[in-house]
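In: Structure of the sequence below:
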Amino acid sequence: GSAALVADGVHARTDGFTSLAVVLGVAGVWLGFPLADPIIGLLISAAIAVLLWGTARDIGRRLMDGVDPDLVQRAERALGGIAPGDPGVRMRWMGHKLHVEVSIPADDEPTMTQMRERNRSVEQAIRAALPNVGTMVAVPVWTTPEKPTPA
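Out: A predicted model of the protein is given here:
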């Protein structure tokens with residue numbers, strides 16, 4: 001769950017591919033194709049730019065307490081059959097752990113035992129679907145019927 005370690009892994013992979021591309025460029029020049037070196041250089045530059053953009057986006061998102069939208073979708077799919085209605089899922093990174101808050105619509109008036117069981121089910125589903133979940137909070141949200149507007 002460490003964004004810094006992921007970025008370091010991308011850097012190491014880029015170094016490996018760059019070294020391999022340099023060997024291919026040298027082999028191309030050695031075999032009589034002098035444009036191999038500049039072509040490989042341009043390809044390396046393009047690959048580094050693409051990887052830099054992705055890494056900067058991921059690190060920037062993490063710095064701004066953002067979460068990959070795929071994680072939110074995975075949480076919502078995991079809650080599909082458990083939480084009634086449309087649960088609201090909010091997440092943020094706290095170090096290497098993910099803080100998850102789920103708002104569960106409660107149209108009925110559940111007992112404390114039912115709420116505790118629902119919260120336990122929600123927490124189990126979230127922890128099974130997502131990596132590095134630290135704190136998990138499930139909050140019931142009661143909906144109120146709309147009041148008629150006075151004439």
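In: domain ranges for this structure?
Out: Structural domains of the chain, as assigned by automatic domain parsing, span the residue ranges 3-63, 69-142.
In: For those domains, give me JSON lines that also has mean pLDDT and mean neighbour count.
Out: No exception for glycine: its C-beta is placed from N, CA and C like everyone else's. Listed next are these as JSON lines, based on pLDDT from 0 to 100; neighbours: other Cβ atoms under 10 Å:
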{"stretch": "domain 3-63", "mean pLDDT": "87", "mean neighbour count": "13"}
{"stretch": "domain 69-142", "mean pLDDT": "81", "mean neighbour count": "15"}
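In: Report the central residue of this protein.
Out: What sits nearest the mean C-alpha location of the chain, by Cα atoms, centre = their mean, is residue 68, with 2.7 Å.
In: wait, isn't that one in contact with residue 62?
Out: No - using Cβ atoms under 8 Å, residue 68 is not in contact with residue 62, being 9.2 Å away.
In: Distance check, residue 139 against residue 98.
Out: Using Cβ to Cβ, to the nearest Å, residue 139 is found at 17 Å from residue 98.
In: contacting residues for the nearest residue to residue 90 once chain neighbours are set aside?
Out: Leaving aside its sequence neighbours, residue 90 sits nearest to residue 101 (Cβ to Cβ, 6 or more residues apart in numbering; 4.7 Å). Counting by Cβ atoms under 8 Å, 6 or more residues apart in numbering, residue 101 makes contact with 89, 90, 91, 137, 138, 139.
In: Excluding chain neighbours, what is closest to residue 77?
Out: Of all residues not flanking residue 77 in the chain, residue 129 sits nearest, at 7.2 Å (Cβ to Cβ, 6+ apart).
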